[in-house]
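Asks: any chance you could fold what I've pasted below:
(one chain, ligands or ions: 1)
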Amino acid sequence: HVAVLDFGSQYTQLIVRRVRELGYFAKLYRPEDVAEIGKPGAIILSGGPKSTSEADAPDIDFATLDAYGVPVLGVCYGMQLLNIKFGGEVKASDKREYGQAIMKPVACEGLYEGVSAESQVWMSHSDTVSNLPDGCSVIAVNQHDTPVSLQWGERYFGIQYHPEVTHSHEGTRILGNFLMMAGDLQPFRIEEFRREIIDGIRDRVGDKQVVCGVSGGVDSTVLAVLLHEAGVNMRAIFVDNGLLRKDEAAEVVNNFHRMGVPIEKVDASERFLTALAGETAPEKKRVIIGNLFLDVFWDAVGDAEILAQGTLYPDVIESASNENSKASKIKTHHNRVDRVLELQAQGKVLEPLAELFKDEVRELGASLGIAKDILNRHPFPGPGLAVRCPGDITKEKLDIIREVDAIFISRLKDHGWYDKVWQAYGALVPVKTVGVKGDERSYEWACSLRAVVSEDAMTADWVELPYSILRESSNMILNSVAGINRVLFDVSSKPPASIEWE
Ligand code: XMP
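Replies: Numbers count the residues shown, from 1 in each chain. Predicted coordinates for the structure are as follows:
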């Protein structure tokens, strides 16, 4: 495998991910555990937030590292540390280099085989190597001819920029070139990875009881199935908040039955509707729903010995670094509330997916035998249909949205468009307009259909669905959904609109 020694950079997990993408098994270790990394085929030292000149800068036992006899790549902090180990110097600079830079390989060979003469890279550092030791060669420079990549002897390489981020355009190729120099690397196989995660769960849980909240979404479903496969004593709790889509609660319960995973449904729909009655302010609606969810969930949990959460790596990063997106803020709300933090301090929180990205969770889910339709479900917000109905929420309005949404989604599925869009749904526009139904004047609400593509929900664009799908959806909705006499198609991008209505 490829051993990645983590010096604390927020990008370290991305290195692991890139190695997996390149088809090899990678594992994270703490630098102080360098003696216990098994039989690595290659070693990567990550970047880190410290400066090598700081008194408490993390270090590595170089003799132990060297004894593995395998290719070593130092990224950013890792490169500076290697330069010091080889007798060179690192100078703290007062100028922080941050953002895009140009990287020019000295020769297109070795680490830079097949890499362009100039390519964009991403920098984030303040120290630079100053004194280069004997036997060290510069293998790439930046636009000012400052060294940004070094080689010491045959098997030690350093890169000042971050090859693991997508802003470094040829980063993956460079990492791939590095891995080509490694001996026999273990290919990444999802089955082995799954076994490792399951073994990890067994070790952590033992014979204690674990609870997890499930929503029917991908992350929590994969989590529950993993716990079940691990054979631990588990309870999966599903809160029906009355804001779910048509037949959704029954479907979730049914899916779990199909997979043989026990699930406990708590029907709290009345409580949610009562709590929401008359409230029109979007943020207040969210707070009501968020807090009530926690009350209901913790009531059901009782005295949990261990709480399992389906936190993914981007959630970990986002809650640590930015709170820009509503999705991450709300997830933070649920996954990092005081009660969870308390449990965490006591070592009672288990997050087996915290090293994974969404697509990797899907792959893991598929290898667990979870059905495609569950793994490919569109995202659905925690506050459910409440954010798809501006203004106050009533059961009547929710029922209308459910019908509209079910028709639209069924049209997308029938015509092969469901998997082509990132998220789609029907919403209520609670504005009454005049129409004619049969021979009578009607005075009813409008509804809106929305379909978007997105990478990460931060930005999104509306999808040019075929007119035939819109026509079919509209016909069916107008003919069968009482209370609706007008169908609109939402052609707003995010920004400035958001994906949901609230
Ligand atoms: P917006 O409306 O902010 O939505 O453009 C971006 C993405 O986040 C989802 N979303 C939420 N997910 N809890 C969630 O778990 C929430 O409160 C929430 N609000 C929005 C939304 O469905 C879209 O995918």
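
Asks: distance of the residue in the chain sticking out farthest from the centre from the ligand?
Replies: In the chain, counting by Cα atoms, centre = their mean, Asp439 sits farthest out from the average C-alpha position, at 52.4 Å. To the ligand, Asp439 is 40 Å away according to Cβ to the nearest ligand atom, to the nearest Å. C-beta coordinates here come from the backbone N, C-alpha and C atoms, glycine included.

Asks: who's the closest spatial neighbour of Ser269, skipping the chain neighbours?
Replies: Closest residue to Ser269 apart from its sequence neighbours, by Cβ to Cβ, 6 or more residues apart in numbering: Gly242 at 2.6 Å.

Asks: helix, strand or coil: sort out the one you found for me.
Replies: Following DSSP: H, G, I helix; E, B strand; the rest coil, Gly242 is assigned to coil.

Asks: quickly list what Tyr425 is bridged to.
Replies: Note on Tyr425: beta-bridge partners by DSSP bridges are Arg450.

Asks: same question, Phe489
Replies: Leu449.

Asks: can I assume it is in contact with Leu470?
Replies: Yes - assessed by Cβ atoms under 8 Å, Phe489 is found in contact with Leu470 at 5.8 Å.

Asks: which neighbours do these two have in common?
Replies: Leu449 (Cβ atoms under 8 Å, 6 or more residues apart in numbering).

Asks: for the stretch 51-200 of the chain, what spans make up the strands?
Replies: Using DSSP state E, counting those that start in this stretch, the strands found in the stretch 51-200 of the chain span residues 72-75, 90-105, 119-129, 136-142, 147-152, 156-159.

Asks: between these, which one is nearest to the ligand?
Replies: strand 119-129 (25.5 Å; Cβ to the nearest ligand atom).

Asks: buried sites along the closest one?
Replies: 119, 121-125, 127-129 (16 or more other Cβ atoms under 10 Å).

Asks: likewise for stretch 240-247?
Replies: 240-246.

Asks: pull it out as CSV, backbone CA atoms only.
Replies: Only the C-alpha atoms of stretch 240-247 are listed here, as CSV (Å, rounded to 0.1, in the frame of the first residue of the first chain):
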residue,chain,number,x,y,z
ASP,A,240,-41.0,10.6,10.2
ASN,A,241,-41.4,14.3,10.5
GLY,A,242,-44.4,14.5,8.3
LEU,A,243,-42.4,16.5,5.7
LEU,A,244,-41.4,13.6,3.6
ARG,A,245,-42.3,12.9,0.0
LYS,A,246,-45.2,10.7,-1.2
ASP,A,247,-44.9,7.2,0.3
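
Asks: tell me, what residue is most central in this structure?
Replies: Closest-to-mean residue, the chain, Cα atoms, centre = their mean: Pro314 / 4.0 Å.

Asks: in space, what's closest to that residue - neighbours in sequence excluded?
Replies: Phe357 (6.7 Å).

Asks: for the ligand, what are the nearby residues on the stretch 401-502 of the chain?
Replies: 423, 457, 494, 498-500 (Cβ under 6 Å from any ligand atom).

Asks: show me which pair in those is furthest apart.
Replies: Within those, two members stand farthest from each other by Cβ to Cβ: Gln423 and Ser498, at 11.5 Å.

Asks: okay, now the unreliable bits of this structure?
Replies: Within the chain, the ranges that satisfy pLDDT under 70 run 94-95, 316-336.

Asks: now with 80?
Replies: 92-98, 125-127, 313-339, 456 (pLDDT under 80).

Asks: Pro40 - how many residues pack around it?
Replies: By other Cβ atoms under 10 Å, 25 other residues sit near Pro40.

Asks: so the residue lying closest to it once chain neighbours are set aside, which state does it fall into?
Replies: Excluding the flanking residues, the one nearest Pro40 by Cβ to Cβ, 6+ apart is Ala3, at 4.0 Å. Three-state assignment for Ala3 (three-state DSSP): strand.

Asks: please report how far Ala3 lies from the ligand.
Replies: 35 Å.

Asks: that residue touches Ser46, doesn't it?
Replies: No - counting by Cβ under 8 Å, Ala3 does not reach Ser46; the two are 10.9 Å apart.

Asks: comparing those two, which residue is more hemmed in?
Replies: Using other Cβ under 10 Å, the more surrounded residue of Ala3 and Ser46 is Ser46, with 27 against 24.
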